[in-house]
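In: below is the sequence, then the predicted model.
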Amino acid sequence: MKKITKLGILMMAVAMIFSLAACSSGKTTTSTAKKYVIATDTTFKPFEYENDKGERVGIDIDLLAAIAKDQGFDYELKAVGFDAALGEVTSGQSDGMIAGMSITDARKATFDFSDPYFDSGVVMAVSASNTTVKTYADLSGQKVAVKNGTEGATFAESIKAQYGFETVSFPDSANMYEDVKAGNSAALFEDYPVIGDAIASGVPLKMMGNMEAGNSYGFAVKKGQNADLLKMFNAGLADVKANGEYQKILDTYIKK
């Protein structure tokens, strides 16, 4: 057995003192903070999309980053598509989702929502070359494209019997736009800021008629779960609205 020298004993004593001091102060050398998994859509510009550099950007993406920074929590973003994001949260694979998700009574049965962070609306759009569809009545006997889970889809379903059209559902906005451009569907219903951004970006569509009132968007967690995350989101949202960061984000993506 090796002998323990006086110097060795002294060094051990010093190490014990520092260890006790760290414990008494409540500080540790490793972080135990939870890293939240947040699901989002893939293409719902200007709320979430990939830019020319392959970076995921948009109102939802920047807002989440600003709130996380304000509240001091870490997160991993999972861009899986709207329908998949719903499943991720309900199954517990993701802690929350931010994906231009309208706050509705039906969804409140499954999700707990944050305070509203954006007020939207719904509008009809047709191909830029279309000269026959000007009102809802012109949709009689035709197909109308909608995106799964959107306010536009909900609105279209609510009036299709009245105006006699059939809805065709798509998992993302890009394929929905292509269907209308190709003439397979006579029109589409989409959230106003989303279709407005698409048209401004060069998609050959045009809006027809007036905007219909829509629900507000909210951050969502599984009902009864992740209350702390929801509380931090609300607190951070209030802070970034108060300090002007929220408006800067909107101005970046919604051109007036």
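Out: Thanks, I have the structure now.
In: what's the helix or strand containing V126 packed up against?
Out: Assigned by DSSP states H and E, V126 belongs to strand 118-127. Applying 3 or more C-beta pairs under 8 Å, 6 or more residues apart in numbering; DSSP states H and E, we find strand 118-127 packed against helix 151-163, helix 173-181, strand 187-191, helix 192-200, strand 205-217. Every residue, glycine included, has its C-beta placed from N, CA and C.
In: and the protein, split by domain according to the record?
Out: 35-117+218-253, 120-215 (automatic domain parsing).
In: got a markdown table for those, with mean neighbour count and mean pLDDT too?
Out: Listed next are the domains of the chain as a markdown table, based on neighbours: other C-beta atoms under 10 Å; pLDDT from 0 to 100:
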| stretch | mean neighbour count | mean pLDDT |
| --- | --- | --- |
| domain 35-117+218-253 | 18 | 96 |
| domain 120-215 | 18 | 93 |
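In: looking at the helices and strands packed on strand 118-127, which is closest to M97?
Out: strand 205-217 (11.2 Å; C-beta to C-beta).
In: contacts for the helix or strand just after that closest one?
Out: Scanning forward in sequence from strand 205-217 by DSSP H and E, the next helix or strand is strand 220-222. Contact with strand 220-222 is made by 89-90, 92, 95-98, 101, 107, 110-114, 227, 229-230, as judged by C-beta atoms under 8 Å, 6 or more residues apart in numbering.
In: okay, and which of those map to helices?
Out: Using DSSP state H, the members of the contacts of strand 220-222 that fall in helices are 89-90, 227, 229-230.
In: any chance of the residues you listed in CSV, plus distance to Y163?
Out: Listed next are the ones in helices among the contacts of strand 220-222 as CSV, based on distance: C-beta to C-beta, whole Å:
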residue, distance to Y163
V89, 34
T90, 33
A227, 43
L229, 41
L230, 39
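In: which of these sits closest to F73?
Out: Of the ones in helices among the contacts of strand 220-222, the one sitting nearest to F73 (C-beta to C-beta) turns out to be L229, at 7.4 Å.
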